[in-house]
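*Asks:* got a sequence here, can you model it:
(2 chains)
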Amino acid sequence: MRALFDLHGLDAVFYKEIRHVARDPATLVLAIAMPLMQLLLFGYAINLKVENIRSAYYSEDRGRLAEQVIDGLKASRGFDIVSVAPSREALMQEIVSGKVHVGFDFPQDFSADVLRGKPSSMQVLIDGSDSAIAQSAYGSAAEIGTALSQRLRSVTGIPALVDVRPRMLFNPTLRSANFLVPGLIGLVMQNITVMLTALSIVGERERGTLDQILVTPVGTTALMLGKIVPYAIVGFLDFLLVLGAMHWVFGVPIAGNLLLLLMLGAGFLLTVLGLGLLISTVARSQMQAMLLAAFILLPSVLLSGMLFERELMPPVMQLVSYTLPLTYFLEILRGIIVRGASLTDLWVPATATVVFGVVVLGLASIRFARTTS
Amino acid sequence: MSELEASLSTRPGGPEPRRLSEPAASRPNAPAIRADKLTKRYGERNVVDGVSFAIARGGIFGFLGPNGSGKSTTIKMLCGLVMPTSGAAQIDGLDVVRDSSEVRRRIGYMAQGFAMYTDLTVDENMEFYARAYELPRERRAERKASVGELTGIKEFLQTRAGVLSGGWQRRLALACALLHDPPIVFLDEPTAGIDPVARRELWDLLFRLAEAGKTFFVTTHYMDEAERCSDVAYIFDGKLIAYGSGDELRHLPDVEQPGAQRYAVDAHEIMATFSALRALPYVKDATIFGREVHVIVDSSVTPQQIARDLHGLAAPEGIKRIEPTLEDVFVALTREYEK
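*Replies:* Below is the predicted model of the structure:
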C-alpha cells in the first residue's frame, strides 16, 4: 500500500519537470503568452467601439432643428440612419424587430423650445440586447447632445439647451468596459491552468511513463507537487501579466488593494490547479482530458456572470452559478478592480474562494493519491 | 558498481565494488517471486484467476500467453501497480501490498512499449531514475556509468531518447530499470516490435545478467524466446495452465500422450498433405509449421506406413520423429483446457 502523503523523490520529479520545460521553451512561452493573447483578443473584440449603428428616427418637430440634427447624425460615423418611422409605435417596432438598434425621437416643440430659449429634449431609444452596440450608442448619443448644446450656446449664449435622453431598452443594467476586462482575467487564468495541469499528468499516463515512475520509491505527494508547482508558477505569472495588460493596454486602473487581489488570485489558482488534477484522475487520454476541461470551462464562461448578468438568469442557472469557483473570483476581481472594495466588503466571495481552493485541491490530492497507490 | 556487474564489465579496474546493504526483512531462502492464488477481477471478469507459482533466484522466467490473457495485469500486481482482488504475492519474501515501499526498492520494471521521456536525453532519463531511487549523488554517477557500460547506452548519453532506434530505446529502459541494482527485474514485452538483431542482443544481455545472479521475469509471445527461458509459465484466459522448465512441459501427459508418437512430415504440397493426414484414422492431431506438418499418431504407426498412406505426398525419409516444441506444448495445453 502506498502512503497517501509521501514526499520521497521530490527532487527527482522537479529535476525532470525543469528539464522538460528547458527542452521545450516554446510551450512555456505559449503557456505564458496565451492568456495575454486571449485577454487582448476578447478584450478588443468586446470593447471595440461599434460604428455605423443602424438607426431610425421619428420626428414631430414642426421646426427645422430636428432636420439639422439628423443631417448631423447622417454625417457622423456613429450612426447610420436607415429609415424614417411614420409613428412613435413604428419606431419602437423597428427596434423590437431588430431592423435598427437605435431610434431617435424628436418631440413636437423640439425647435420651438430652443428658439424660445427653453431647454428642449430628444429621446434616444437604444437596443440593450447587444451590450457592445448599446454601449457605443450610449456614448455617441451623449456626444451628440453635448456637441449640439455647444453649437447652440455659441449662437444663443445659454448652456445645455438640448437634453439628449438615452433610454436603454431590454437590458437596463448595461455594464461598462471596465466590467468586462476584469472578468476575463479569471477566465483566462482558469483555462490555461486547468488544461496544462490535466494534460501533463494524463500525458504521462498515456505514454506509460506514470507506471514507470510508480514502481520507484517516488511518493505520490512528491509526484503531485512536482506536477503542480510548475503550473502554479506559470499561472501566477499569467495573472500578473494579464493584470498588467488590463492596466496598460485597456487603461483599467485597479481601484482597490493590489496585494489583496494577488492573495485572493493565489487562492483561486489553488482551485483551478485542483480542477486540473481532478480531471487527470478521471481522464484516460489527453483527448478525454481536453473534453472534460471544456465541459467544466464552458459553464464558467456562460454562467459565472462574466458575459451575462447572473440576476437575469433563470433561478436554476443562478443556483448552478453558485457552484462555480469563477463566480466568486469574478466578484472579487470586479469588486477590487472596479469598485475598490476591501476584504470586509468581499468577505463572502473571499471565503468561498479560499474554501473552494482548499476543498478542491484537497479532494484532488486524495483522489490522485488513491489512483496512483 | 555491484559485484556482479564488475564481473561483467569489459572495463578493467574501476571503483571498489560496493554492496547494497541487505535490509533486515530480507529472507534469502524465500523464492525470488511467489504468487499465491493471485486474482484480479474487473467487473464480472477475472482477468487473472487464481494464479500461483514460485520462482527461484537467478535465471529467466518466461511468462507467456496470448494478448489479453492477463500477462500485463499479473506483472503489474507483482510490481505493486495494480491491487490484487484476492490472493497474495511476495517478492524476496516481502508482501507486494503490505511491504510495497520495500518491494519497490528491490525490483526493476520495464513497462510495455517505450516509457522513457522522449524529450529528455539518455543521460537525463537515467539521472531522473537514479534520483527517483534516491541514490546518493556519488553513487548516481557510479551507477549511471555502470549500467551505461553494461547496456552500451553510454555511447548515446547526450542523444534525446526519442530519436534512438527501437533496440536502443529498450536498452535505455533496461539501463534505467537496473540503476538501483535490483535483484529482481520485470520486463513486460521487452522485445515487441524491435528488429531480430536487437532482439537477440537484448537476450544475450539478459543471459549475462541472469548468469550473474539476477532474476528476470519476462513476458513475451515469441515462442523462440520461450525456448531460451530457464522456466516458463503459460497463462490463458487468466488461468495459469502450465508452469515449469521446458523439458518438464514437453513431457506433460496432455502433451506427450501415452501410446502416441510425434512426427514432422516434410511435404511439398503442404495443404494437400495436411488434409490427407487429418483424414487418416490413426492421426490424433496435425498442425502446420512452415513446410512441415507436425502430427501425433499412435505409437504403433511407422514412418513407412504414413508415407504409404500419403500416396507419394511425402517420402519416408521426410518423416522424422520429433520432440514437441514449446509451441506444440502450448497448442496441446490450450486445446486440452478448452475441452
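
*Asks:* how is chain A partitioned into domains?
*Replies:* Chain A breaks down by automatic domain parsing into domains covering A:10-46+A:176-371, A:53-169.

*Asks:* and chain B, is the first one touching that?
*Replies:* Yes - when contact is scored as Cβ under 8 Å from any Cβ of the partner chain, part of domain A:10-46+A:176-371 falls within range of chain B: A:11-13, A:15-16, A:19-20, A:23-24, A:207-209, A:211-218. The C-beta positions use only the backbone N, C-alpha and C, and glycine is treated the same way.

*Asks:* now that domain: mean pLDDT?
*Replies:* Domain A:10-46+A:176-371 carries an average pLDDT of 85.

*Asks:* quick check: end-to-end length of it?
*Replies:* Taking Cα to Cα, to the nearest Å as the measure, domain A:10-46+A:176-371 stretches 19 Å from start to finish.

*Asks:* so where do the helices sit in the stretch 51-200 of chain B?
*Replies:* Taking DSSP state H, counting those that start in this stretch as the test, the helices found in the stretch 51-200 of chain B are B:71-78, B:100-106, B:122-132, B:137-151, B:166-178, B:196-211.

*Asks:* neighbours of A:Q93, how many?
*Replies:* 14 (other Cβ atoms under 10 Å in any protein chain shown).

*Asks:* got the residues of the stretch 51-200 of chain B near chain A?
*Replies:* Looking at chain A, the residues of the stretch 51-200 of chain B close enough under Cβ under 8 Å from any Cβ are B:76, B:79-81, B:97-98, B:100-101, B:104-105, B:107, B:109, B:111-117, B:119-120, B:124, B:127-129, B:131-134, B:160, B:176.

*Asks:* so residue 243, which state does it fall into?
*Replies:* Assuming you mean chain A. Per DSSP: H, G, I helix; E, B strand; the rest coil, the secondary structure class of A:L243 is helix.

*Asks:* look at chain B instead
*Replies:* State at B:Y243, reduced to three classes by three-state DSSP: strand.

*Asks:* quick check: closest non-adjacent residue to it.
*Replies:* The shortest distance from B:Y243 to any non-neighbouring residue, by Cβ to Cβ, 6 or more residues apart in numbering or on different chains, is to B:A233 (4.0 Å).

*Asks:* ok, now how distant is the one you found from chain A?
*Replies:* Per Cβ to the nearest Cβ, to the nearest Å, B:A233 is found 21 Å from chain A.

*Asks:* tell me the phi and psi of that residue?
*Replies:* The phi/psi pair for B:A233 (degrees, to the nearest 10) reads phi -130, psi 150.

*Asks:* for it, name its beta-bridge partners.
*Replies:* Under DSSP bridges, the beta-bridge partners of B:A233 are B:F63, B:Y243.

*Asks:* ok, it to B:G87 distance?
*Replies:* According to Cβ to Cβ, to the nearest Å, B:A233 stands 15 Å off from B:G87.

*Asks:* and those two? Which one has more around it.
*Replies:* B:A233 (25 against 17).

*Asks:* for that one, what are its contacts?
*Replies:* Contacts for B:A233 (Cβ atoms under 8 Å, 6 or more residues apart in numbering or on different chains) come out as B:F53, B:F61, B:G62, B:F63, B:L64, B:L240, B:A242, B:Y243.

*Asks:* returning to that earlier point: which members of the residues of the stretch 51-200 of chain B next to chain A are classed as buried?
*Replies:* Among those, the ones that count as buried by 16 or more other Cβ atoms under 10 Å in any protein chain shown are B:76, B:79-81, B:100-101, B:104, B:107, B:109, B:111-112, B:114-117, B:119-120, B:124, B:127-129, B:131-134, B:160, B:176.

*Asks:* do you know how far B:T273 is from chain A?
*Replies:* 45 Å.

*Asks:* quick one: contacts of the helix or strand containing that residue?
*Replies:* Assessed by DSSP states H and E, B:T273 sits inside helix B:270-279. For helix B:270-279, the surrounding residues in contact (Cβ under 8 Å, 6+ apart) are B:265, B:267, B:283, B:286, B:288, B:291, B:293, B:295, B:306, B:309-311, B:313-314.

*Asks:* if we use 10 Å, what do you get?
*Replies:* Under the contact criterion Cβ atoms under 10 Å, 6 or more residues apart in numbering or on different chains, helix B:270-279 has outside partners B:263, B:265-267, B:269, B:283, B:285-295, B:297, B:306, B:309-311, B:313-314, B:318.

*Asks:* try stretch A:276-295
*Replies:* For stretch A:276-295, the surrounding residues in contact (Cβ under 10 Å, 6+ apart) are A:190-207, A:210, A:224, A:227-228, A:231, A:235, A:275, A:296, A:360-361, A:363-372.

*Asks:* what are the buried residues along it?
*Replies:* Within stretch A:276-295, the residues that count as buried by 16+ other Cβ under 10 Å are A:G276, A:L277, A:L278, A:I279, A:S280, A:T281, A:A283, A:Q286, A:A289, A:M290, A:L292, A:A293.

*Asks:* go through those residues and flag which are in helices.
*Replies:* A:G276, A:L277, A:L278, A:I279, A:S280, A:T281, A:Q286, A:A289, A:M290, A:L292, A:A293 (DSSP state H).

*Asks:* next SSE after the helix or strand that contains A:S55?
*Replies:* Assigned by DSSP H and E, A:S55 falls within strand A:53-59. Remark: after strand A:53-59, the chain's next helix or strand is helix A:65-75, criterion DSSP H and E.

*Asks:* need the next SSE after that following helix, C-terminal direction.
*Replies:* Later in the chain than helix A:65-75, the nearest helix or strand by DSSP H and E is strand A:79-84.
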